[in-house]
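>>> I'd like to go over a predicted model; first the sequence, then the structure.
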Amino acid sequence: AGYPVDHDDEEYVLVNNKCQCVTVTSKFVPSKENPDEEVLQRNIRIMVPLQARENISDPSSPLRTTFVYRLSELCKNCDPIEIELGGAIHQAQQGNSCEEAQTCYTYDRNECYSSPVPLLYHGEVKRVPAALTPASCFAE
């Protein structure tokens with residue numbers, strides 16, 4: 001069903017995938033053939049992060065040159081929901097193949113990413129993890 005882009009807007013966000021930088025919206029617009037009819041228009045916005053690395057947590061990895069977008073994967077909803085079946089509450093997922101890891105082209109702000117950085121401590125270089133997305137790595 002999606003949610004409105006703006007509270008005054010008739011456009012609805014169907015997919016907002018921050019990991020792959022894709023937003024899919026839909027809205028009803030007057031038909032070109034028959035202005036008295038409305039047709040559903042879908043807009044797919046893809047932002048290609050040109051400076052993305054193959055391994056986003058490793059700034060020294062090579063730049064990513066291939067980006068793959070599958071609408072069926074973007075639209076799957078793997079968030080568990082509770083449904084009632086036969087008087088009992090069950091957990092269910094609205095998508096299949098949810099176990100497969102999603103390829104991330106940029107930082108998903110809900111995930112914690114870190115990268116080891118060299119730190120000179122008492123004359124010795126130690127590699128310690130540094131948070132690349134601090135807001136999602138540390139609790140309030």
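Received it, and whenever you're ready, just let me know what you need. Numbering: from 1, shown residues only.
>>> hang on, isn't Val128 packed against Leu120?
No - taking Cβ atoms under 8 Å as the definition, Val128 is not a contact partner of Leu120, at 10.8 Å. Where C-beta positions appear, they are placed from N, C-alpha and C, glycine not excepted.
>>> tell me how the chain divides into domains.
Residue ranges for each domain of the chain read 1-106, 107-139, as given by the TED database.
>>> can I get those domains in TSV with mean pLDDT and mean neighbour count?
Output for those, formatted as TSV (pLDDT from 0 to 100; neighbours: other Cβ atoms under 10 Å):
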stretch	mean pLDDT	mean neighbour count
domain 1-106	81	12
domain 107-139	83	12
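>>> so what pairs up with the closest residue to Gln41 other than its chain neighbours in the strands?
Leaving aside its sequence neighbours, Gln41 sits nearest to Val29 (Cβ to Cβ, 6 or more residues apart in numbering; 4.8 Å). Per DSSP bridges, the residues bridged to Val29 are Val39.
>>> can you check Asn17 too?
Judged by DSSP bridges, the bridge partners of Asn17 are Val22.
>>> would you check how far apart it and Ser61 are?
In this structure, Asn17 lies at 22 Å from Ser61, with Cβ to Cβ, to the nearest Å as the measure.
>>> now do the contacts for Ala130.
Applying Cβ atoms under 8 Å, 6 or more residues apart in numbering, one finds that Ala130 lies in contact with 114-117.
>>> so which of these are in helices?
Nothing among those maps onto helices, per DSSP state H.
>>> for Tyr69, state which of these is nearest.
When the contacts of Ala130 are compared for distance to Tyr69, the smallest value, 25.8 Å, is given by Ser115; criterion: Cβ to Cβ.
>>> spatially nearest residue to the closest one, not counting backbone neighbours?
Counting by Cβ to Cβ, 6+ apart, Ser115 lies nearest to Ser57, which is 4.9 Å off, once chain neighbours are set aside.
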